[in-house]
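Engineer: Just a sequence and a predicted model for now, questions to come.
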Amino acid sequence: MSRESLGQIYTRAEIYEAVYRARRKDYRAEAAEAESIAREFGTDPKSLLDVACGNGPHLRYFRQSFDDVEGVDVSEDMVRLARHNLPDVPVHQGDMAGFRLERTFDVITCMFSSVGYLRDTDELDATAESFVRHLNPGGVVVLEPWYFPDTFVPGQIMSTLATEGGRTISRISHATREEGDIARVLAHYLVADSASGVEHFIDSHDLKLFTREEYESAFERAGCTVHYRERGTKVGMFAATLGHAR
């Protein structure tokens, strides 16, 4: 995955943050769920790395439960905002398939289906290896996948209206299924404030629909034992545990 493969919104971190604040996305509950899985499958975890941490909303809660937390994200603007939001948390810039921090952690999380930005199984394999390279023996990767090919429903429309600080943001998106098991999410943004007037931009995201078996095989090849936790109507969560030193 490269910075070039991301949508425009990842260079507009404050707009991204405002949209999900307006949606009331429950980062606290999501972090608690990931922590529960980490403690179920891990060995008394104390350190955590959040990969694709974005502007840091999950890290805000992870740092309350783990002694040592860090983040990494490919977007320069997201890293900037995460460092501003959490000045006491180290946040690094790096690609999930190739970052190197020269240290290891008890838990590695990857939330909000960020893994869907990987283009193919080669990149998925490289990401699994990258995660395991930063994982302590007995550690666990907690991964929230994107939709599977048989669970994605094309035609989804979502809309969000956010008004704060004298600025109004409208976001409307439509999802389609493209060749090669790609889900394309096309979002239109209108951003209005008194200083600059109204701006319109289009944000396109191509997200790979990996199968459950492809996720499991990638982490098994990297040396992990993989568990899958169902979540009702949602896509489930993976826990990949590393039982030996590599």
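Structural biologist: In hand now; what should we look at? Numbering: from 1, shown residues only.

Engineer: Check this protein for its longest helix and report it.
Structural biologist: Ordering each helix of the chain by length in residues (DSSP state H) puts helix 27-41 first.

Engineer: Would you state the helices of this protein in chain order?
Structural biologist: With helices called from DSSP H, the chain shows them at 13-22, 27-41, 57-65, 76-85, 121-133, 212-221.

Engineer: Restrict the fourth one to CA atoms and write it as CSV.
Structural biologist: It stands for helix 76-85. What follows is helix 76-85, C-alpha atoms only, in CSV (Å, rounded to 0.1, in the frame of the first residue of the first chain):
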residue,chain,number,x,y,z
GLU,A,76,1.7,12.4,6.6
ASP,A,77,-1.3,14.6,7.4
MET,A,78,-2.9,11.9,9.7
VAL,A,79,0.4,11.5,11.5
ARG,A,80,0.6,15.3,12.0
LEU,A,81,-2.9,15.4,13.5
ALA,A,82,-2.4,12.3,15.7
ARG,A,83,0.8,13.8,17.1
HIS,A,84,-1.2,17.0,17.8
ASN,A,85,-4.1,15.1,19.5
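
Engineer: could you say what helices and strands that helix packs with?
Structural biologist: Secondary-structure packing of helix 76-85 (3 or more Cβ pairs under 8 Å, 6 or more residues apart in numbering; DSSP states H and E): helix 13-22, strand 68-73, strand 91-93. Just so you know, the C-beta spots here come from the backbone N, C-alpha and C atoms, and that holds for glycine as well.

Engineer: What are the contacting residues of the longest helix of the chain?
Structural biologist: Residues outside helix 27-41 that contact it (Cβ atoms under 8 Å, 6 or more residues apart in numbering): 45, 48, 57-58, 60-62, 65-66, 106-107, 109, 111-112, 140, 142, 144, 227, 229, 237, 239, 241.

Engineer: That helix relative to helix 57-65, how many degrees between them?
Structural biologist: Inter-element angle recorded for helix 27-41 and helix 57-65: 60 degrees (by axes from the mean of the first three to the mean of the last three Cα atoms, to 10 degrees).

Engineer: tell me the mean pLDDT over helix 27-41?
Structural biologist: Average pLDDT, helix 27-41: 97.

Engineer: what's the answer for stretch 113-127, then?
Structural biologist: 97.

Engineer: Next: stretch 168-178.
Structural biologist: 98.

Engineer: Please apply the same query to stretch 53-61.
Structural biologist: Taken as a whole, stretch 53-61 has an average pLDDT of 98.

Engineer: Let's see that stretch as PDB, backbone CA atoms only.
Structural biologist: Extracted in PDB, the C-alpha atoms of stretch 53-61 (Å, rounded to 0.1, in the frame of the first residue of the first chain):
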ATOM      1  CA  CYS A  53      -3.800   4.700  13.500                       C
ATOM      2  CA  GLY A  54      -5.100   7.600  11.500                       C
ATOM      3  CA  ASN A  55      -5.600  10.700  13.600                       C
ATOM      4  CA  GLY A  56      -5.300   8.600  16.800                       C
ATOM      5  CA  PRO A  57      -8.900   8.000  18.100                       C
ATOM      6  CA  HIS A  58      -8.300   4.400  19.100                       C
ATOM      7  CA  LEU A  59      -4.900   5.200  20.600                       C
ATOM      8  CA  ARG A  60      -6.700   7.700  22.900                       C
ATOM      9  CA  TYR A  61      -8.300   4.700  24.600                       C
END
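
Engineer: With just CA atoms, put the longest helix of the chain into PDB.
Structural biologist: Extracted C-alpha coordinates of helix 27-41, given in PDB (Å, rounded to 0.1, in the frame of the first residue of the first chain):
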ATOM      1  CA  TYR A  27     -13.900   4.500  19.200                       C
ATOM      2  CA  ARG A  28     -14.100   3.700  22.900                       C
ATOM      3  CA  ALA A  29     -16.200   0.600  22.400                       C
ATOM      4  CA  GLU A  30     -14.100  -0.500  19.400                       C
ATOM      5  CA  ALA A  31     -10.900  -0.100  21.400                       C
ATOM      6  CA  ALA A  32     -12.400  -2.100  24.300                       C
ATOM      7  CA  GLU A  33     -13.400  -4.900  21.900                       C
ATOM      8  CA  ALA A  34      -9.900  -5.100  20.500                       C
ATOM      9  CA  GLU A  35      -8.400  -5.000  24.000                       C
ATOM     10  CA  SER A  36     -10.700  -7.900  25.100                       C
ATOM     11  CA  ILE A  37      -9.500 -10.000  22.100                       C
ATOM     12  CA  ALA A  38      -5.900  -9.100  22.800                       C
ATOM     13  CA  ARG A  39      -6.200 -10.200  26.400                       C
ATOM     14  CA  GLU A  40      -8.000 -13.400  25.500                       C
ATOM     15  CA  PHE A  41      -5.400 -14.600  23.100                       C
END
